[in-house]
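[1] Need coordinates for the below:
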Amino acid sequence: MRNWILPLLFMLTSCLNESISPEATLKDFVETRLGNTVTRQFVLDRVTGKMKQSFENMSDEDFAKFADLRNVKQNSFKVLTKSCQESKCFLTYSVGYKSTLEKGTYNSDVKKIAEIHHVEGKWLIADVSNIKTYHESVDPINPMD
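    Numbering: from 1, shown residues only. Coordinates of the predicted model:
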């Protein structure tokens, strides 16, 4: 009986974190994706607006490429700035990660802005845009691969 209580508490805590703050929503989304493969439903449950429509219309092949980040390990996640109104927040954040591919290992730092809306009692990601990306590698990176 004890074996199912811990996973149930973990799931409830995860659900509560999503609605607590925009930062928790964003952090959960980023950390869950890195190092894993997520389902379309996982993504659709956490996005809204144009972003949701984009994922709903995405082909299975394109979504599979987006969803599979098993070769990426997170190094860091940090919210840099936060600007909120009543039901909308803009978070500038950085994510550091390490990618291990057939051709080598790459360290990357990405700075992004996320727009997060409060919809029906929970925070959902409406848009994400890149500001700056920095890649570091011992081997040359070929963007055509």
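[2] Least confident secondary structure element in this protein?
    Among the helices and strands of the chain, helix 2-20 carries the lowest confidence by mean pLDDT, DSSP states H and E, at a mean of 49.
[3] Now the helix or strand following that helix: buried residues?
    Next helix or strand after helix 2-20 toward the C-terminus (DSSP states H and E): helix 22-33. In terms of neighbour count (16 or more other C-beta atoms under 10 Å), helix 22-33 has its buried residues at 22, 23, 25, 26, 27, 28, 29, 30, 33. Heads up, the C-betas are built off the backbone N, CA and C, glycines and all.
[4] so what's the third one closest to, chain neighbours aside?
    Meaning residue 25. With C-beta to C-beta, 6 or more residues apart in numbering as the criterion, residue 25 has its nearest non-adjacent residue at 4.1 Å, and that residue is residue 123.
[5] do the last one as well
    With C-beta to C-beta, 6+ apart as the criterion, residue 33 has its nearest non-adjacent residue at 5.5 Å, and that residue is residue 69.
[6] Equivalent analysis for the fifth one, please.
    With sequence-adjacent residues excluded and distances taken as C-beta to C-beta, 6+ apart, residue 27 is closest to residue 77, at 5.9 Å.
[7] Now the host helix or strand of that neighbour: buried residues?
    Under the criterion of DSSP H and E, residue 77 resides in strand 72-84. For strand 72-84, burial by neighbour count (16+ other C-beta under 10 Å) applies to 72, 77.
[8] strands paired with that strand, and their directions?
    Paired neighbours of strand 72-84 in the sheet (DSSP bridges): strand 88-101 (antiparallel).
[9] which strands and helices sit next to the helix or strand following the strand it pairs with?
    Downstream of strand 88-101, the next assigned helix or strand under DSSP H and E is strand 104-119. Applying 3 or more C-beta pairs under 8 Å, 6 or more residues apart in numbering; DSSP states H and E, we find strand 104-119 packed against helix 22-33, strand 72-84, strand 88-101, strand 122-137.
[10] For the residue nearest to residue 33, which residues are in contact?
    Residue 69 makes contacts with 33, 34, 35, 36, 37, as judged by C-beta atoms under 8 Å, 6 or more residues apart in numbering.
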